[in-house]
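Visitor: structure for this input, please:
(one chain, ligands or ions: 1)
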Amino acid sequence: MDTKQSLAALIAETIEECYMGIDGLPTADEISGFLEIPPQKEMGDYAFPCFKLSKVLRKGPPMIASTLAGAIGANDLARAEQMGGYLNFFLQRDNFAQKTLETVLASGEAYGSGTEGEGKTICLDYSSINIAKRFHIGHLSTTMLGHSIARIYRFLGYKTVGINHLGDWGSQFGKMIYAYKTWGTREEVEKNGVPELTRLYVKFHEEAEKDPSLDDEGRRWFKAIEEGDEEALSLFNWFKELTLRDAKPVYDMLGVEFDSYNGESFYVDKTDAVVEELTEKNLLTLSEGAKVVDLDEENSGMPPCIIIKKDGTTIYATRDIAAALYRKKTYDFDKCLYVVAYQQDLHFRQWFKVIEKMGYEWSRDLVHVAFGMISYEGQSLSTRKGHVLYLEDVLNMAIEKARAIIEEKSSNLENKDEVARQVGIGAVVYADLQNGRIKDIDFHWDRVLSFDGESGPYVQYTHARCCSALRKAEGLEAVEPDYSALSDDYAQELLRQLSRFPETVREAASRYEPSIITRAVTELCKAYNKFYYENRIMVDEAPVREARVRLTRAVKNTIKTGLYLIGMEAPERM
Ligand code: ARG
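Guide: Below is the predicted model:
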């Protein structure tokens, strides 16, 4: 039982004692849910709002608070004080230190994990890159958010299915085949990969400006793909293979893997069934030659969702609907998350609504996990204006810059290359998951790689500092710790943060918000560094030293776990 639960049990017991025989008294679990963390430290470590009881007890909150404060009296968990309608608790510091450290250290790096997700599956549609385009920095957020959210859910016992919903369908692939056959060679494409495909595609558009009949050629080749023409398909699959081959080093650097690469093309042959079902359910109407689902009758303010275009082809949304039905059938998900930029908000609201109108109550389990835009050193990035930044280049630049800093700061480190990789990539990941996901990100190297701001290197450095302190303590005789050595404000603040970590993880999960973990880990590091400056760890009194070493170990484990959950590595030396 953690401190909060113990406190809730104590309150429940006291309520029973004081108000015996009254119906509807809250359980310890309910009380745990009511417990608040006071806004100021002077108001204690936890507060119980007594107005939650006044209805059942027919008494004013201050009255209840004062009765309970009197009855709780002195005990070794916490001192209780009435303040207005609140019952404020001041934890008994030695005891709190002991309990917290015992709990944290008993679980090691699994501290904060859980089993509440057992038997449940979460599908995550993320990264979802587009074929024949290079992996650019605009796809960083979806990739890292999805990766992190998947780790967080697995940590809580859920099964996750990571899906890279490839953008591999559309008329552009017909144009690309034409361009390749007209101006390309196999050698060039094999040698230069995706950039060569991009060059051919750009060339197509330049030529088509002069000769519009090329568009017909493009359409013809796309039709050939649709009809399963052998040559068209084999070229199309080759383009796909090249794109994934190009993305592989980036995924490897980030440690990202997927369970499925079923992209848009996978669902093309499953859209007929969608149209049939929509027809059967009387949901399709004709609008300017297109078949659409009208969404406005409930004053949603949304335009109709197009299912079949005038020319008889399906669109992005149709394939998403087919994909959702397929995923529900295949994985029986508890939730299906779509980690996609907020610009696609309307798209998701529209087709989620279509699923709802089809009568599937699981439409409420479809979640668009939206995020903001990324700019680079103050400049916005757009493929169209030719202002692209490839993720592979950014990561390599980060590694190189980290390497230079490490060279300067700790020139006798043995595994500099390894650490430069961990720090460089970690810095980029941290910057990406630092703030609430809906916020736009401006990526600045000096901030990203700073060792003493809120940054990846700062957090990793604190972890390495803990490791170094623990190395010094290795092999010393084991003694019983003196927990009263942890009753200073700095140690207590650390313990408080440690004790809240499990809740932090759950909050991050329920809000699909890795930044909650990034922030908690950063705060933990700040608190540890303050503690470290105020207290010597390797003191002569063995029981005091042992208490501080244990606290350091608990902090180290928790930083490492937090970093893991946001997709970062934790070097032991820096
Ligand atoms: N490929 C799309 C893009 O880059 C994202 C796909 C998101 N997933 C989905 N099921 N629609 O914008």
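
Visitor: tell me the secondary structure of P571, please.
Guide: Under DSSP: H, G, I helix; E, B strand; the rest coil, the three-state class of P571 is coil.

Visitor: contacts only, for it.
Guide: Applying CB atoms under 8 Å, 6 or more residues apart in numbering, we find P571 in contact with 418-419, 422-423, 460, 463-464. Just so you know, the C-beta spots here come from the backbone N, C-alpha and C atoms, and that holds for glycine as well.

Visitor: and the chain, which residues reach the ligand?
Guide: For the chain, the contact set with the ligand under CB under 6 Å from any ligand atom comprises 125, 128, 130, 165, 167, 320, 338, 340.

Visitor: among these, which lie within strands?
Guide: Among the residues of the chain next to the ligand, the members found in strands (DSSP state E) are 125, 338, 340.

Visitor: got those residues as TSV, with pLDDT, distance to P61 and neighbour count columns?
Guide: Below are those laid out as TSV (pLDDT from 0 to 100; distance: CB to CB, whole Å; neighbours: other CB atoms under 10 Å):
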residue	pLDDT	distance to P61	neighbour count
D125	98	47	25
Y338	98	44	25
V340	98	46	22
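
Visitor: now these in TSV, with distance to E541?
Guide: Below are these laid out as TSV (distance: CB to CB, whole Å):
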residue	distance to E541
D125	56
Y338	56
V340	56
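
Visitor: out of these, who's nearest C18?
Guide: Y338 (50.4 Å; CB to CB).

Visitor: thought that closest one was touching D365?
Guide: No - in this structure, Y338 is not within contact of D365 by CB atoms under 8 Å, at 11.5 Å.

Visitor: now the strands for the stretch 101-250 of the chain?
Guide: For the stretch 101-250 of the chain, the strands defined by DSSP state E, counting those that start in this stretch occupy 121-125, 159-163.

Visitor: per-residue pLDDT, G386?
Guide: Confidence at G386, expressed as pLDDT, is 61.

Visitor: which residue is the nearest non-sequential neighbour of R550?
Guide: Once flanking residues are discounted, R550 sits nearest to L101: 5.1 Å by CB to CB, 6 or more residues apart in numbering.

Visitor: could you check how far the one you found is from the ligand?
Guide: Going from L101 to the ligand by CB to the nearest ligand atom, to the nearest Å gives 44 Å.

Visitor: what about that residue, distance to T522?
Guide: Computed as CB to CB, to the nearest Å, the L101 to T522 distance reads 21 Å.

Visitor: ok so, going back, need the contacts of P571 in a markdown table with distance to E280, can you?
Guide: Listed next are the contacts of P571 as a markdown table, based on distance: CB to CB, whole Å:
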| residue | distance to E280 |
| --- | --- |
| E418 | 59 |
| V419 | 60 |
| Q422 | 55 |
| V423 | 57 |
| Q460 | 56 |
| H463 | 58 |
| A464 | 62 |
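
Visitor: now the residues you listed in TSV, with pLDDT?
Guide: Output for these, formatted as TSV (pLDDT from 0 to 100):
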residue	pLDDT
E418	96
V419	97
Q422	98
V423	97
Q460	98
H463	98
A464	97
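
Visitor: check the residues you listed and tell me the two furthest apart.
Guide: Using CB to CB, the pair of those lying farthest apart is E418 and H463, separated by 14.9 Å.

Visitor: more neighbours: the two, which one.
Guide: Comparing E418 with H463 by other CB atoms under 10 Å, the one with more neighbours is H463, at 27 against 13.

Visitor: next, I308: phi, psi?
Guide: Reported as degrees, to the nearest 10, the phi and psi values for I308 are phi -130, psi 130.

Visitor: my guess is it contacts V274. True?
Guide: No - I308 lies out of contact with V274 (CB under 8 Å); the separation is 9.7 Å.

Visitor: now for these two: what residues contact both?
Guide: By CB under 8 Å, 6+ apart, the residues touching both I308 and V274 are T318.

Visitor: more neighbours: which of the two?
Guide: V274 (24 against 20).

Visitor: how near is that one to A324?
Guide: 10 Å.

Visitor: what does I22 give?
Guide: Taking CB to CB, one finds I22 at 49 Å from A324.

Visitor: returning to what we had before: deepest of the strands of the stretch 101-250 of the chain, which one?
Guide: Among those, strand 121-125 has the highest mean neighbour count (mean count of other CB atoms under 10 Å), at a mean of 25.

Visitor: contacts for that strand, please.
Guide: With CB under 8 Å, 6+ apart, strand 121-125 has contacts from 146, 149-150, 153, 158-163, 165, 323, 327, 331-340.

Visitor: tell me which helix or strand comes right after the lowest-mean-pLDDT helix or strand in the chain.
Guide: Ranking every helix and strand in the chain by mean pLDDT, DSSP states H and E puts strand 379-380 at the bottom, with a mean of 81. Once strand 379-380 ends, the next helix or strand along the chain (criterion: DSSP states H and E) is helix 391-409.

Visitor: list the buried ones in that following helix?
Guide: Across helix 391-409, burial judged by 16 or more other CB atoms under 10 Å covers 391-392, 394-396, 398-399, 401-403, 405-406.

Visitor: show me what contacts Y251?
Guide: Contact partners of Y251, counting by CB under 8 Å, 6+ apart, are 127, 143, 257.

Visitor: among those residues, who's most crowded?
Guide: Counting neighbours by other CB under 10 Å, S127 comes out on top of these with 28 neighbours.

Visitor: for G567, see how far away that one is.
Guide: S127 is 12 Å from G567, where distance means CB to CB.

Visitor: now do the shared contacts for those two.
Guide: Listed as contacting both S127 and G567 by CB under 8 Å, 6+ apart are V256.

Visitor: for whichever residue of the stretch 451-574 of the chain sits closest to the ligand, the count of nearby residues, please.
Guide: Across the stretch 451-574 of the chain, the shortest distance to the ligand (CB to the nearest ligand atom) belongs to Y512, at 15.0 Å. Y512: 23 surrounding residues under other CB under 10 Å.

Visitor: could you do W169 as well?
Guide: Counted with other CB under 10 Å, residues neighbouring W169 total 23.

Visitor: I'd assumed R319 was in contact with it.
Guide: Yes - shown here, W169 and R319 form a contact pair, counting by CB under 8 Å, at 6.7 Å.

Visitor: now do the shared contacts for those two.
Guide: Contact with both W169 and R319 is made by residues 264, 268, according to CB under 8 Å, 6+ apart.

Visitor: now that K416 has come up, it's in contact with A404, right?
Guide: No - using CB under 8 Å, K416 makes no contact with A404, being 10.5 Å away.

Visitor: let me know the closest of the contacts of Y251 to M302.
Guide: For the contacts of Y251, the nearest to M302 is S127 (27.0 Å; CB to CB).
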